[in-house]
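Undergrad: I'd like to go over a predicted model; first the sequence, then the structure.
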Protein chains: 2
Amino acid sequence: MAELQNDRLLRALLCEAVDKTPIWIMRQAGRYLPEYRATRKRAGSFLELCKNPELACEVTLQPLERFDLDAAILFSDILTIPDAMGLGLYFAEGEGPVFAHPLRTKADIEKIGIPDPERELAYVMEAIRMVGAALNGRVPLIGFAGSPWTLASYMIEGRGSKIFAKVKGMLYSEPLLLHRLLDKITRSVTSYLNAQIAAGAQAVQIFDTWGGMLAEPQYKEFSLQYMRQIVENLTRKCRGRRVPVILFTKGSSLWLESMADTGCDAVGLDWTLPIGKARARIGDRVALQGNLDPSALYADADDIRKVAKDIIEDFGRGSGHVFNLGHGITPDIDPENVKALVDTVHEHSVWFHKS
Amino acid sequence: MAELQNDRLLRALLCEAVDKTPIWIMRQAGRYLPEYRATRKRAGSFLELCKNPELACEVTLQPLERFDLDAAILFSDILTIPDAMGLGLYFAEGEGPVFAHPLRTKADIEKIGIPDPERELAYVMEAIRMVGAALNGRVPLIGFAGSPWTLASYMIEGRGSKIFAKVKGMLYSEPLLLHRLLDKITRSVTSYLNAQIAAGAQAVQIFDTWGGMLAEPQYKEFSLQYMRQIVENLTRKCRGRRVPVILFTKGSSLWLESMADTGCDAVGLDWTLPIGKARARIGDRVALQGNLDPSALYADADDIRKVAKDIIEDFGRGSGHVFNLGHGITPDIDPENVKALVDTVHEHSVWFHKS
C-alpha cells in the first residue's frame, strides 16, 4: 500500500500534533451531491449501489474531488450485517430501511449466525480494497459499522422507529434474550470491522444512532458495554500504524466520560454540547470529533464560516479535534456550503496548531 | 369554585409535604383509551374534537374514570395559538399537524397578531370552565401551551420535521427576524396561559418539544429566554392559591440547572437522566416531574411496577416529585398497564413521605 500523504486525520484521532484541524463529514458521499445521485440512478437503488463494489468505490471518492477533505469514508450502510444474517434488507420509498424478516421470537434470535465478512459481506471488502487502491495514499479510508444496540433496534422493530416499542418491551421484560442477541451482533461487528481493517480501513467508526434513546443506566448495559467489547477485540495495529477507533452515539452528551473510558481513541459528539465544554469534561483522554449542527448548513455561506470558526475557537489550541457535523449531512444541502465549511476549517485552524 | 379535595399535585409542585407521590400522564386523554377513540369518531377529527368544548371536556375527564390520577390536563393541542393567528392548522392522515399558511417571509411574520384568548381561543376557555365545573374540586386541572421555540418551529417549517431546515436556517442567518417572531409568540402564550388560569387552570405546563434539537447556547437564547419571560408574566396566584408552572423541554438533561433558575416551580424530565441524578444537581430549588420512559409501558405489568418503584426510590424521601412519563403516552399502550403504573406509584411512595 502506498505511503499516506495526508495523515492529519489519523494524527488528530491520536491527539498527535497536526498543522491544521482535519475534517470529514458523516454521509459525505451522499444525496446532496448531483454526481452521487447520477451514480445511484445507474445502480438502480441504494442497496444495489451498496452491493456493487465498483460503484460504491466511485461514490466514496466523489466528495474528495470537490472538497479538500482529510478522509474518505466507505460508502455503505450500517444494516449490511443484519442483511448478511438473512433478515432481507430493502428500502421502502420514502420510508427508509425495512427488514422482510425482522426478529420476532426467541427462535428467530437463536437461529441467526455470525456472518463471515469475506463471504456474505465480500462486496464490502472488495469495495474497501478498490477504494484503497484508488486513493493510493492520498487520504486515509475510514471503515464503519453500526453499534449492536442500533442494529438490534432495527432488527427487532423491522424498520426505523421513533418509539422503539418492541425492542424496549424486550429490554424491560426479556433482558436476557436481548443480551443474547446483542452478544451475537457484537461478535459479528467485531469480525466485520477487523476484516475492514485487514482490507485497508485505516480508522473505524462505530455508529450508535439510537443509543441516546436509552436512559443512562440502560445505555451502559445495552449499548456501551457491547461497544467496549468491540473496541477491546479490534486489530489496533495494521500496516505499521495504529488504527484509531471512533465511538459515536447521537444524544450522548450526558455520558461522554463513560464513552471515553472504553479504550476508544475518539468520541464523536452531536451538536447539543459545545465542544469546549466537552473538552473540559474529557480533557485529553481521547480526541473529540464534531460538532457542527448539520442544519447549520442551511444558513448562508458567511454564517457557516462564522459558526465553523466558533467551534474551532471553542475547542481551543492543540490537537485532538477532528471537525465533523454532529450527525449526517442532509440530502438537500448546497455543495457550495460544504466547500465553504471545509476551507474555513483548514484556514482558520492553522493558528490553533502553531507551537 | 368547589374546594380542592386532592391537592397532592399542587403541593408536590411546590415541594410541600404530601401523603404519597402524585401522578399524571402526558397525553393521558388520548388514543390509547377506547372511549377516547369513540368520542373522537363522534367529533369527526382531532381538530374538531379540540374545538368542541363539550367533547374536549368529555375526553379530558375520561382517564380519571379509569385511573386514580392526581390531576386532569385539558385536552387540547399546542398548535391552537398558531391556528388562532391564521396559519390554518389541519391534520394530514398519518403525517401529523400541517399549516396551510406557514410563515415564509419577513412580511408573513410582521403580519401575524397576538390572538385574544377570549375571542379566537374562546373554545379553549369554554372547555376549561366546563372541566372545572365537572371536576368540582376532585383534582386540579392543568392548563398548557407550547413553548415559543416549539411553536415557531412548526410555524416556519409548516409541519413536523426531523431536520428543522427552515427554522435553523433562519436561526443562523436571520436571528433578529426569528427573535421578532419569538417575541410575538411569547406575548401570545403569556396571555393565553393567563386566560387559562383565569378560566380555572390550577397549574400550567409549557411544552418545549423541540428545544432539545438546539445546541446549549442556542437553547438559552432562542427557547429558554422566552419561557422565562412567560414565567415572569404569569398570574401566579389565583383563587387564593399559588398556580405552579412546570417547564418541560424534551432532551434538556444537559441544562436542567438553567431551567430551574427561570422562576418556574417544577422542571419536567425526559427519561434519559435518572431522577436521582437530576435531584442531586437541582437540589430542592424546584420540584421534578417525570421520568418513566414512555416505552416502558410496552413491558409486562410486573416489569412496569418494578421500574416505577425504581424511580420512586431513586428520587428518595421527601416531597418535590410528580410522577409522570418522560414524554407523552403512545397510542397503542394497554390501559391495564397504565393502571398498574398509577396504583404502584401511590402504593409504593407512601413510605417515602412518612416523617
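TA: That came through fine.
Undergrad: so where do the strands sit in chain A?
TA: Assigned by DSSP state E, chain A shows strands spanning A:72-73, A:89-92, A:96-99, A:141-146, A:203-208, A:237-238, A:241-242, A:245-249, A:266-268, A:287-292, A:321-325.
Undergrad: looking at the ones you listed, which is closest to residue A:12?
TA: Residue A:12 lies closest to strand A:321-325 among these, at 5.1 Å (C-beta to C-beta). (C-beta placed from N, C-alpha, C; glycine too.)
Undergrad: Just list what that closest one packs against, helices and strands only.
TA: Here strand A:321-325 touches helix A:8-13, strand A:287-292, helix A:301-315, going by 3 or more C-beta pairs under 8 Å, 6 or more residues apart in numbering or on different chains; DSSP states H and E.
Undergrad: Up against chain B, what does chain A have?
TA: With C-beta under 8 Å from any C-beta of the partner chain as the criterion, chain A meets chain B at residues A:163-166, A:168-169, A:172-173, A:212, A:214-217, A:251, A:253-254, A:271-274, A:277, A:293-296, A:298-300, A:303-304, A:307, A:330, A:332.
Undergrad: Turn the strands of chain A into a markdown table, columns for distance to residue A:43, mean pLDDT and mean neighbour count.
TA: Converted to a markdown table, the strands of chain A look like this (distance: least, C-beta to C-beta, whole Å; pLDDT from 0 to 100; neighbours: other C-beta atoms under 10 Å in any protein chain shown):
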| stretch | distance to residue A:43 | mean pLDDT | mean neighbour count |
| --- | --- | --- | --- |
| strand A:72-73 | 18 | 98 | 26 |
| strand A:89-92 | 12 | 92 | 14 |
| strand A:96-99 | 16 | 94 | 18 |
| strand A:141-146 | 20 | 98 | 23 |
| strand A:203-208 | 22 | 98 | 26 |
| strand A:237-238 | 30 | 92 | 14 |
| strand A:241-242 | 33 | 96 | 15 |
| strand A:245-249 | 27 | 98 | 26 |
| strand A:266-268 | 28 | 98 | 26 |
| strand A:287-292 | 29 | 98 | 26 |
| strand A:321-325 | 25 | 98 | 28 |
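Undergrad: returning to what we had before: out of the residues of chain A next to chain B, name the ones that lie in helices.
TA: Applying DSSP state H to these, the entries found in helices are A:165-166, A:168-169, A:172-173, A:216-217, A:277, A:303-304, A:307.
Undergrad: now those as CSV including neighbour count and pLDDT?
TA: CSV is the format used below for these (neighbours: other C-beta atoms under 10 Å in any protein chain shown; pLDDT from 0 to 100):
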residue, neighbour count, pLDDT
A:165, 18, 94
A:166, 19, 96
A:168, 25, 96
A:169, 19, 95
A:172, 21, 96
A:173, 17, 95
A:216, 18, 97
A:217, 12, 97
A:277, 15, 98
A:303, 19, 97
A:304, 24, 98
A:307, 18, 98
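Undergrad: Now the two most distant members of those residues.
TA: Maximum distance among these (C-beta to C-beta): 48.1 Å, for A:173 and A:303.
Undergrad: hang on, the earlier thing: of the ones in helices among the residues of chain A next to chain B, closest to residue A:118?
TA: Relative to residue A:118, the closest of these is residue A:166; by C-beta to C-beta it sits at 32.3 Å.
Undergrad: The closest one and residue B:332 touch, don't they?
TA: No: shown here, residue A:166 and residue B:332 do not form a contact pair, counting by C-beta atoms under 8 Å, at 11.1 Å.
Undergrad: for chain A, what's the longest helix?
TA: Ranked by number of residues, the top helix in chain A under DSSP H is helix A:175-199.
Undergrad: Could I get the CA-only coordinates of stretch A:164-177 as PDB?
TA: Written as PDB, here are the backbone C-alpha positions of stretch A:164-177 (Å, rounded to 0.1, in the frame of the first residue of the first chain):
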ATOM      1  CA  PHE A 164     -39.000   1.500  19.800                       C
ATOM      2  CA  ALA A 165     -41.900  -0.300  21.200                       C
ATOM      3  CA  LYS A 166     -40.700  -3.800  20.500                       C
ATOM      4  CA  VAL A 167     -37.100  -3.500  21.400                       C
ATOM      5  CA  LYS A 168     -37.900  -1.600  24.600                       C
ATOM      6  CA  GLY A 169     -40.600  -4.000  25.600                       C
ATOM      7  CA  MET A 170     -37.900  -6.800  25.300                       C
ATOM      8  CA  LEU A 171     -35.400  -4.700  27.200                       C
ATOM      9  CA  TYR A 172     -37.700  -4.300  30.100                       C
ATOM     10  CA  SER A 173     -39.400  -7.800  30.100                       C
ATOM     11  CA  GLU A 174     -36.800 -10.100  28.400                       C
ATOM     12  CA  PRO A 175     -33.400  -8.500  29.000                       C
ATOM     13  CA  LEU A 176     -31.500 -11.800  28.800                       C
ATOM     14  CA  LEU A 177     -32.900 -12.500  25.400                       C
END
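Undergrad: which residues sit against it?
TA: By C-beta atoms under 8 Å, 6 or more residues apart in numbering or on different chains, the surrounding residues in contact with stretch A:164-177 are A:106, A:109, A:152-153, A:156-158, A:161, A:178, A:210, A:213, A:218, A:222, B:293, B:295-296, B:298-300, B:303-304, B:307, B:330, B:332.
Undergrad: end-to-end on stretch A:309-321?
TA: 13 Å (C-alpha to C-alpha, to the nearest Å).
Undergrad: Ok, stretch A:22-38 next?
TA: One end of stretch A:22-38 sits 28 Å from the other (C-alpha to C-alpha).
Undergrad: got it, and stretch A:213-223?
TA: Start-to-end span of stretch A:213-223 (C-alpha to C-alpha) is 11 Å.
Undergrad: ok, now which ones touch residue A:57?
TA: Applying C-beta under 8 Å, 6+ apart to residue A:57 gives the contacts A:75, A:127, A:130-131, A:134.
Undergrad: tell me the pLDDT at the closest residue in space to it that isn't next to it in sequence?
TA: Closest residue in space to residue A:57, ignoring its immediate chain neighbours: residue A:130 at 4.1 Å, by C-beta to C-beta, 6 or more residues apart in numbering or on different chains. Among the per-residue scores, residue A:130 holds a pLDDT of 98.
Undergrad: Please apply the same query to residue A:94.
TA: Looking at residue A:94, its pLDDT reads 77.
Undergrad: Give me the number of neighbouring residues for it.
TA: Residue A:94: 5 surrounding residues under other C-beta atoms under 10 Å in any protein chain shown.
Undergrad: Many thanks, I have nothing further to ask.
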